[in-house]
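>>> Below is the sequence, then the predicted model.
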Amino acid sequence: MISAATVYAASAGVYAVVIAALVLWLRRIPEAYHKYCYPVLGIVVISGIAVALDAAGIGTVVVNEYPITIPSLLGDLIAYPALWAVAALLAGVGRRMLAITIALPFVQRASFTIAATTGGLIALVMLAVLVGGHLVLLYLYRNQIWEAAQSVSDEQRLLHWKGRNLLLFLIGMIIVSAVLALSGLFDNFVSAVLTQYMNLLIRAGFAGFLFANVTNIDIGDAGGSLLDEIGGAGDAGGGPTNPDPAD
């Protein structure tokens, strides 16, 4: 059977190709929008480095017979909160809501590792946190965050809407596959392949989506300063001004 290290090595190679493609793509994007592309490009780079370290066997520990790849764990703890934060910032949210969208994915990812390395009631509680956190994010993005998005332009609001739907779907799928893997439905090889495929799809998919639509961000107003101000512009007033439905 193909080893997990081989799967990691193949994944690292795909990441290298994706990173090269994104860098070349970045050259075709107007320079004024580069600062909005760098965060998601950085996420892909960090994840690629993490998988390469996993392939080399660096930072892997076994806890209660479950192997934890520390580089990928750290990469996930950075990537998922950052992706959700970008989606929220596209809506022009305030600092408090931004902090929530960062904290929830961080707790979710940590809870999965705890569930995988423990058992019994603790594992069940951690799985409930993992699934429940996604439901909370779904609620926030369809309600409070969507209301805040009414303060940005139609183009940027559409960009936010598509981005949040992409994350809700893809991350929902990886949560389902992770829970099924913990239940013993997949062997180690299938679990490793599914995890690497979904992780790459989420990161590369969101990066490609943002690169393709980044010019819809409003530069120079509350929406355009979203990454410079870290959502601070949304504090000035993100109440609903448009009755459009959430979906």
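Cool, got the structure. Numbers count the residues shown, from 1 in each chain.
>>> and the longest helix along the chain, what's its mean pLDDT?
For the chain, the helix with the greatest residue count under DSSP state H is helix 154-182. Averaging pLDDT along helix 154-182 gives 92.
>>> likewise stretch 214-234?
Throughout stretch 214-234, pLDDT has a mean value of 57.
>>> show me where the protein has strands.
Taking DSSP state E, the strands of the chain run over residues 60-63, 66-69.
>>> Could I get the full set of helices for this structure?
All helices of the chain, identified by DSSP H, fall at 4-26, 34-55, 70-89, 95-117, 120-142, 144-149, 154-182, 188-213.
>>> nearest to V62, of those?
The minimum distance between V62 and the helices of the chain falls on helix 95-117, with 9.3 Å, by Cβ to Cβ. Where you see a C-beta, it was placed from the backbone N, CA and C, and this is true even at glycine.
>>> Output that closest one as CSV, restricted to C-alpha atoms.
Extracted C-alpha coordinates of helix 95-117, given in CSV (Å, rounded to 0.1, in the frame of the first residue of the first chain):
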residue,chain,number,x,y,z
ARG,A,95,-13.5,44.0,14.6
ARG,A,96,-15.7,42.0,17.0
MET,A,97,-17.4,40.0,14.3
LEU,A,98,-14.0,39.5,12.6
ALA,A,99,-12.6,38.1,15.8
ILE,A,100,-15.5,35.6,16.1
THR,A,101,-14.9,34.4,12.5
ILE,A,102,-11.2,33.8,13.3
ALA,A,103,-11.8,32.2,16.7
LEU,A,104,-14.4,29.7,15.7
PRO,A,105,-12.4,27.9,12.9
PHE,A,106,-9.4,27.8,15.2
VAL,A,107,-11.4,26.1,18.0
GLN,A,108,-13.0,23.7,15.4
ARG,A,109,-9.6,22.5,14.1
ALA,A,110,-8.2,22.1,17.6
SER,A,111,-11.3,20.2,18.7
PHE,A,112,-10.8,17.7,15.8
THR,A,113,-7.3,16.9,16.9
ILE,A,114,-8.5,16.4,20.5
ALA,A,115,-11.3,14.1,19.3
ALA,A,116,-8.9,12.1,17.2
THR,A,117,-6.5,11.6,20.1
